[in-house]
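Asker: predicted model, plus sequence, below.
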Amino acid sequence: MSQNDFSKQYLTYKEVCSRYGIGSTTLYRWIADKKMPEGDKIGPRARRWNIKDLLKWERERMGAA
């Protein structure tokens with residue numbers, strides 16, 4: 001898998017915030033409240049969210065509404 005393939009599969013916190021129109025405080029509150037996937041820790045201060053996990057979460061939220 002190339003670096004470009006990896007970057008298409010995973011989103012940074014800024015990309016996740018942009019996707020949902022929220023700020024970083026809201027993102028981390030949603031994670032703490034178990035309202036969304038917590039993402040994968042890739043370092044001491046870095047997370048990435050798998051786009052497949054986010055799409056699954058979005059579908060689940062749509063079904064719950």
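Answerer: Yep, it's here. The structure presented is a predicted model; accordingly, all values stated were derived computationally and were not measured.

Asker: so which bits of stretch 23-33 are buried?
Answerer: 27, 30-31 (16 or more other Cβ atoms under 10 Å). For glycine as for every other residue, the C-beta is placed from the backbone atoms N, C-alpha and C.

Asker: ok, these vs residue 53, which is closest?
Answerer: Minimum separation from residue 53 among those (Cβ to Cβ) is found for residue 31, which lies at 12.2 Å.

Asker: so the closest one is in which element?
Answerer: The secondary structure element spanning residue 31 is helix 24-32 (assigned by DSSP states H and E).

Asker: which other helices and strands contact that helix?
Answerer: With contacts defined as 3 or more Cβ pairs under 8 Å, 6 or more residues apart in numbering; DSSP states H and E, helix 24-32 has these neighbours: helix 13-20.

Asker: packing partners of the helix it packs on?
Answerer: Helix 13-20 is packed against helix 24-32, strand 46-50, with contacts defined by 3+ Cβ pairs under 8 Å, 6+ apart.

Asker: grab the nearest non-local neighbour of the residue nearest the centre of the chain.
Answerer: Here the mean C-alpha position of the chain is nearest to the C-alpha of residue 49 (Cα atoms, centre = their mean), at a distance of 3.8 Å. What sits nearest to residue 49 in space, not counting adjacent residues and going by Cβ to Cβ, 6 or more residues apart in numbering, is residue 39, at 4.3 Å.

Asker: list the contacts of that neighbour.
Answerer: Residues counted as contacts of residue 39 (Cβ atoms under 8 Å, 6 or more residues apart in numbering) are 13, 16, 31, 47-50, 53.

Asker: next: residue 9.
Answerer: When contacts are taken as Cβ under 8 Å, 6+ apart, residue 9 is in contact with 50-52.

Asker: how about those in CSV, adding pLDDT?
Answerer: As requested, these are exported to CSV (pLDDT from 0 to 100):
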residue, pLDDT
50, 96
51, 95
52, 94
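
Asker: out of the residues you listed, which one sits closest to residue 43?
Answerer: When those are compared for distance to residue 43, the smallest value, 16.0 Å, is given by residue 50; criterion: Cβ to Cβ.
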